[in-house]
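Asker: Output the structure for:
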Amino acid sequence: MFQALSCLPCGVAITATEPPPADTPKTSLLVSLSRASLRENDNVSLTIWFSNDSAVNLTSANLSLPSLEKLTWWDASCKGHISPTTVPLPAVPSHQVVSQVFCLKSGSEVDVGNLNLLFTVKFSWQTGTTSQEGFVSVEKPLNVALLGTDTLGGVPISIASLIVPGLLFWMAVNFWGASWGPGIALGDKLIYSVLASAVIMVLLSSSSYFNLKSGLSVWKLFYLALIGAALGFVVGFVDWLIRKARKKRKDARTAQYGEDAIVTLGKLLRLHRGKQIVQVRVRLKDGKQFLGSLGESRADLITLVGWFTINTTGLADDVIKELRLFLSRSEYTKLFDAVQDKGKIELSDAIKEIDGTGNSISTGSDVRFWRPDVVEEIVPVAGAPKTPPLQVP
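Answerer: Now for the predicted structure:
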C-alpha cells in the first residue's frame, strides 16, 4: 500500500465529499380571528398556529405582528401591552405545532375601512454547522367600523363625517326661517351639506383633533355635528336679526294693516314725495268703489286714507305762516313733519263710497285696508285734486 501511495503524483490533494443537504423545513401558519370586524373601544381575540411539518428541527421562530395606527397588540388577557410587535416563539421540533393567543385593541378613534393584517414567522434551522433561515406569512382581513358599522344611513362613515356637520348647520339656519338656505340639505341638495361641512373643516383646520386623517370617533362626529349646529344657529340668528331690522325699517316707510290713520298718512305722503298728488279710487270685486286722498298698492296690502287738516289753534302766527308756505309749495311732507308731534292733525273728510249713480257718500273712516285678493283695481283719479290730503285752514 505504501508503494501505491508513493506512486501518486506530488501536489495532488484528496478532499472528502460533503454529505447531501438536509431537507428544507416545511412550515405552515394559520391565523384565526374571533370576529371579522372591530369597532371603536373594542377588542378582538386572535389565535396563531405555527406548525413544523418536516423532519427538521427549528432552532428559533419569531412572529412579526402587523404595526397598525390606532390599534394596539396585547396578550391573551388583554391586559399586557406588547411592544415591539416581534414576538419570539418557542423552538419547534419536527412535526410539532405551537400556538399563541393575542388581543387586538382599538381606542376611541379608529381609521374606518377594511384592513389587511400581514402576519410573518421568521424561523431558522441548523444544517451541519450552517444556520439557515426562512419565513412563512399569511394575510387576514379585518373590517374596522364606527358605531359597529361602516355606514350611516347607507352612507359610508367617512363620507357621513363630511355631511352631518353641514346638514345640522342648514337645519339650524332653516330653524330661523332663512329664505336663502336649501332647507333640509339631503337628496339632490346633499351637495350643500358637503360644502358647508368643508367650510367648517377649514375653520377647524388649526385643530389637529378635528383632522379626519387622524381617525374617527363617536365623540369627534358628535363634536363636529354640535359645531355645525351651533354655527348654523348663530348664522341663522344673525340673519333673523338683519331681516327683523330690515322689516322694521320697511314698516317705518310703508303702511301697515291696522295702524293709526295719522301714521299711515305720513307714510303715504313720504311715499309720494316729489310726485304729483292725485286722488285714488279703489274698486272691489263685489262692485263697491271708494275714493280717498292718497293710496298705496302692494302685493300684500291695499291702503286708502281720507283728507286731513291741521288745527292751528294755539300755534304762533309765524308757525302758521310757515305751514301755509309749505302748503303753497305742495311740500306736504314738510307740512306733516312740522306738526305731527303737536297732535294738530285731524280728519277733515272721511273716505267716500261711490254709489251706483256716481254720488259720494262718507264712510266715516279715516283709513281703510284691504287684502289684494278682494280688490279689482286701484286707479288714480285724473286731474288735480280739489282738496289736498293735508291742508291748513
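
Asker: Off-centre distance for stretch 75-91?
Answerer: Mean C-alpha position of stretch 75-91 versus that of the full chain (C-alpha atoms, centre = their mean, to the nearest Å) differs by 44 Å.

Asker: Mind listing residues that contact that stretch?
Answerer: 43, 45, 50, 57-67, 72-74, 98, 100-103, 105, 121 (C-beta atoms under 8 Å, 6 or more residues apart in numbering). Using the backbone N, CA and C atoms, a C-beta is placed for each residue, glycine as well.

Asker: which parts of stretch 325-345 are buried?
Answerer: 326-327, 331-333, 335-336, 338-339, 344-345 (16 or more other C-beta atoms under 10 Å).

Asker: average model confidence for that stretch?
Answerer: On average, the pLDDT along stretch 325-345 is 87.

Asker: Endpoints of it, how far apart?
Answerer: End-to-end span of stretch 325-345 (C-alpha to C-alpha, to the nearest Å): 17 Å.

Asker: next one: stretch 81-98
Answerer: 21 Å.

Asker: Residue 387 is in contact with residue 293, correct?
Answerer: Yes: counting by C-beta atoms under 8 Å, residue 293 does reach residue 387; the two are 7.2 Å apart.

Asker: counting contacts, what elements does the lengthiest helix in the chain pack onto?
Answerer: Using DSSP state H, we find that the single longest helix of the chain is helix 218-253. On a contact count with 3 or more C-beta pairs under 8 Å, 6 or more residues apart in numbering; DSSP states H and E, helix 218-253 meets helix 164-175, helix 190-203, helix 261-271.

Asker: Centroid-nearest residue for the protein?
Answerer: residue 166 (0.9 Å; C-alpha atoms, centre = their mean).

Asker: Do I have it right that that one meets residue 189?
Answerer: No: counting by C-beta under 8 Å, residue 166 does not reach residue 189; the two are 10.4 Å apart.

Asker: one step back: give me the subset of the contacts of stretch 75-91 that lies in strands.
Answerer: Among the contacts of stretch 75-91, the members falling in strands (DSSP state E) are 43, 45, 50, 58-64, 72-74, 98, 100-103, 105, 121.

Asker: Contacts for stretch 351-367 next, please.
Answerer: 261, 264-265, 281, 288-292, 303-306, 308, 347, 349-350, 368.

Asker: Please identify the buried residues of that stretch?
Answerer: Buried residues in stretch 351-367 (16+ other C-beta under 10 Å): 351-352, 354, 363, 365-367.

Asker: pLDDT weak spots in the stretch 151-300 of the chain?
Answerer: 151-160, 184-188, 208-218 (pLDDT under 70).

Asker: Show me what residue 32 is bridged to.
Answerer: residue 47 (DSSP bridges).

Asker: how near is residue 194 to residue 305?
Answerer: 53 Å (C-beta to C-beta, to the nearest Å).

Asker: Neighbour count for the two, which is higher?
Answerer: Taking other C-beta atoms under 10 Å, residue 194 and residue 305 do not tie; residue 305 has more neighbours (28 against 16).

Asker: For residue 71, give me its contacts.
Answerer: 38, 104-106, 110, 144 are the contacts of residue 71 under C-beta under 8 Å, 6+ apart.

Asker: Assess the claim that residue 254 and residue 267 are in contact.
Answerer: Yes: at 6.1 Å, residue 254 and residue 267 qualify as touching, with contact defined as C-beta under 8 Å.

Asker: shared neighbours of the two, which are they?
Answerer: With C-beta under 8 Å, 6+ apart, residue 254 and residue 267 have common neighbours residue 296.

Asker: out of the two, which sits in the more crowded spot?
Answerer: residue 267 (21 against 17).

Asker: Could you report the neighbour count for the closest residue in space to that one that isn't next to it in sequence?
Answerer: The shortest distance from residue 267 to any non-neighbouring residue, by C-beta to C-beta, 6 or more residues apart in numbering, is to residue 255 (5.3 Å). Using other C-beta under 10 Å, residue 255 has 25 other residues around it.
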